[in-house]
Each structure stands twice: as C-alpha cells, then as structure tokens.
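Asks: take a look and give me a structure for this.
(one chain, ligands or ions: 1)
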Amino acid sequence: MRIPTPRRYLMCPPAHFEVAYSINPWMDPRKPVDPALALFQWEDLRDRYRGLGHTVEILDPVPGLPDMVFAANGATVVDGRVLGARFANPERAGEAPAHLAWFRERAAGFADIREPEHVNEAEGDFAVTAGWLLAGQGFRSSPLAHDEAQEFFGRPVISLELTDPRYYHLDTALAVLDDTADEIMYYPGAFSPGSRAVLARLFPDALLATAEDAAVLGLNAVSDGRNVLLPRGAAGLAAALRDRGYEPVGVDMSEFHKAGGSVKCCTMELRPAPAGA
Ligand code: ARG
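Replies: A predicted model of the protein is given here:
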C-alpha cells in the first residue's frame, strides 16, 4: 500500500501562454495554442491537486513571458531553502526575478533565498530523491550549477547528461515516484551511456519507460507517493505504475505539449524545512 503525503505546490496560470518562439524541438510558433483549452487543462490539473488534499499556491503571470506557466523552472525549493533560477534563453530570463519576488514578498517561511550564479532551470533539471539531488545538464542547466546546488542544499548531487534534444530538461526524461524510498522512473534513451550506467547503479529497481511513453511526455509526472499525475497518453507507464501499487491519474495537457511541457513543468514543489529545523 502506497502512502501519499500532502504537498505544497506553486502554479502559474496560463494567462499569457502561447508558442511565440522556439527554444526546444516541440515548439513551432506556426501551430497555434487554444487559450481557452489551455486554461481548462491547467485548472483541471490545479483542481486535481486540491482534490487530492494538496495545497496549490498561485504565482501571478507576467505579460510577455509565455512560458511562465511552466512554474517548475522558476526555483528549486528543498528543505525550505530556495535556489532561484537563471535561464539559458533570454526569452525566459524575466521569469527568474518574478519568482524570487514571490518568495521574498508573498510567501511565508522562506528565509534562505539564493540568487544563483550559474545557469539552472530549477526543477526542469533538478529532481529530489531521499538520498540525492539528481541534476540534468546538456541543454539548459550548467554543470557549474550542480556544484552550486550541492553547496547550497547540502545534498549530494548526481550529474546526469541529457543527449536527446526532445528531452532537453531532466523532468522530461525522469520523475521521482517515492521520495522517501528513492524510487524513480526514467527513459534510458534520453541519457548518455555513462549517465545510464549511473542511474542503473543507483536505482536498480527503477521503472523504465519506453520510447513511446517518453514521446508523449509521460515522464513529466508528479507523484505524492501514491497518486501519480501524468499525461493521459502514457498508457504503458500508467499500467506499470498500477502494477507497482501507484494510482496513475492521466491528465490531458495537449496545449502545453506544444511548448514542450506537461504536468510536472506546470508544477513547482515547495518542500518544507524538516520538522524541528
Ligand atoms: N517552452 C519551455 C522551454 O522550452 C518549456 C519548459 C518546460 N518545463 C519543464 N520543466 N520541462 O523552456
């Protein structure tokens, strides 16, 4: 029996979401986004989290920042400490200060906030397990940011190299399922041979995704330890999760796939300081 734990998430409504530029292979500015459908899908995701008993906080969207809906890229919060983002592409640079302002002015309980020195796209490339901070590089976050995150959070960082441009962020290729027991799922084809070997060594029982499930962004998933919200098309993963005792919850995020993002990209997790700290 898998036990869910209540989470606190930060999401940013898609008020200004569109595909206006292309910074990953999913983005084609000639393919229009349906704004009403995008809002409907985003609200559905938000309401599902709330329905599962999680807290969803809202970050105000900023005009001219169409990718800001992908809140996971704006900061990494572990043990109540906040490491801001520094975006690789100028199109998204303005999102970082908007996130920092939210933590400084709007949110309670975050005293330790760091403006980063090196390029990191936050939870796009950082995944938190019980033992490790898994960190992607190759397309967006700098390896120098991995050292910076290790020093700031005091958690051992495992650097992983992404090699397929479709899986340009770690969270498009890997998701944490149980953050108390170091259980993850990932698509091996997204990683360099060395990184694949590292993952196999650290996570011998990981759930391995097929190319088909990866291609519908099935790994861009959010787990509370029991319920795993993932793109609806990832049928193979949903069945495999069920076999392992998880409750897969398929959600339709088609409009966001046009920008190369899905469930996890829209969801930043605010991980509290450990009790008594
Ligand atoms: N269009 C955005 C970009 O390329 C999508 C970001 C998706 N977010 C994520 N956490 N993978 O930057």
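
Asks: which residues does Ala239 contact?
Replies: Listed by C-beta atoms under 8 Å, 6 or more residues apart in numbering, the contact partners of Ala239 are Pro248. In this view, the C-beta of every residue, glycine as well, is placed from N, C-alpha and C.

Asks: so it sits in a helix?
Replies: Yes: secondary structure of Ala239 (DSSP: H, G, I helix; E, B strand; the rest coil): part of a helix.

Asks: that one and Pro193, how far apart?
Replies: Applying C-beta to C-beta, to the nearest Å, the value for Ala239 to Pro193 is 28 Å.

Asks: need the contact list for Phe126.
Replies: Phe126 is in contact with 76, 120, 133-136, 141, 149, 170, counting by C-beta under 8 Å, 6+ apart.

Asks: at 10 Å what do you get?
Replies: Residues in contact with Phe126 (C-beta atoms under 10 Å, 6 or more residues apart in numbering) are 72, 76, 78, 83, 85, 120, 133-136, 141, 145-146, 149, 153, 155, 157, 169-171.

Asks: how about Val251?
Replies: With contacts defined as C-beta under 10 Å, 6+ apart, Val251 is in contact with 41, 44-45, 48, 221-222, 229-232, 262-263, 266.

Asks: which of those has the largest number of neighbours?
Replies: When neighbours are counted by other C-beta atoms under 10 Å, Ser262 leads the contacts of Val251 with 33 neighbours.

Asks: what does the helix or strand encompassing His146 rub up against?
Replies: His146 is located in helix 143-153, with elements delineated by DSSP states H and E. Counting contacts by C-beta under 10 Å, 6+ apart, the residues outside helix 143-153 that touch it are 76-79, 81-83, 85-86, 112, 114, 116-122, 125-126, 128, 132-137, 141-142, 155-161.

Asks: of these, which belong to helices?
Replies: Using DSSP state H, no member of the contacts of helix 143-153 sits in helices.

Asks: narrow these to those in strands?
Replies: Judged by DSSP state E, these include 76-78, 81-83, 114, 126, 128, 133-137, 157-161 as members of strands.

Asks: this protein against the ligand: which residues are in contact?
Replies: 23-24, 27, 67, 70, 72-73, 92, 124, 169, 171-172, 259-261, 265 (C-beta under 6 Å from any ligand atom).

Asks: okay, how far is it across stretch 180-200, tip to tip?
Replies: Stretch 180-200 has an end-to-end distance of 18 Å (criterion: C-alpha to C-alpha, to the nearest Å).

Asks: what do you get for stretch 237-256?
Replies: Using C-alpha to C-alpha, the two ends of stretch 237-256 sit 20 Å apart.

Asks: buried sites along it?
Replies: Buried residues in stretch 237-256, counted by 16 or more other C-beta atoms under 10 Å: 237-238, 240-241, 246-256.

Asks: quick one: contacts of the longest helix seen in the chain?
Replies: In the chain, with assignment by DSSP H, the single longest helix is helix 35-51. By C-beta under 10 Å, 6+ apart, the residues outside helix 35-51 that reach it are 7-9, 11-18, 34, 54-56, 58, 69, 222, 224, 227, 229, 249, 251-256, 258-259, 262-263, 266-267.

Asks: just the CA coordinates of it, formatted as PDB?
Replies: The C-alpha trace of helix 35-51 is given here as PDB (Å, rounded to 0.1, in the frame of the first residue of the first chain):
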ATOM      1  CA  PRO A  35      -6.000  29.700 -24.900                       C
ATOM      2  CA  ALA A  36      -9.400  28.600 -23.600                       C
ATOM      3  CA  LEU A  37      -8.400  24.900 -23.700                       C
ATOM      4  CA  ALA A  38      -5.000  25.600 -22.100                       C
ATOM      5  CA  LEU A  39      -6.800  27.400 -19.200                       C
ATOM      6  CA  PHE A  40      -9.300  24.500 -18.900                       C
ATOM      7  CA  GLN A  41      -6.500  21.900 -18.800                       C
ATOM      8  CA  TRP A  42      -4.400  23.900 -16.300                       C
ATOM      9  CA  GLU A  43      -7.400  24.500 -14.000                       C
ATOM     10  CA  ASP A  44      -8.200  20.800 -14.200                       C
ATOM     11  CA  LEU A  45      -4.600  19.900 -13.000                       C
ATOM     12  CA  ARG A  46      -4.800  22.500 -10.200                       C
ATOM     13  CA  ASP A  47      -8.200  21.200  -9.100                       C
ATOM     14  CA  ARG A  48      -7.000  17.600  -9.100                       C
ATOM     15  CA  TYR A  49      -4.100  18.500  -6.800                       C
ATOM     16  CA  ARG A  50      -6.500  20.300  -4.500                       C
ATOM     17  CA  GLY A  51      -8.900  17.300  -4.700                       C
END
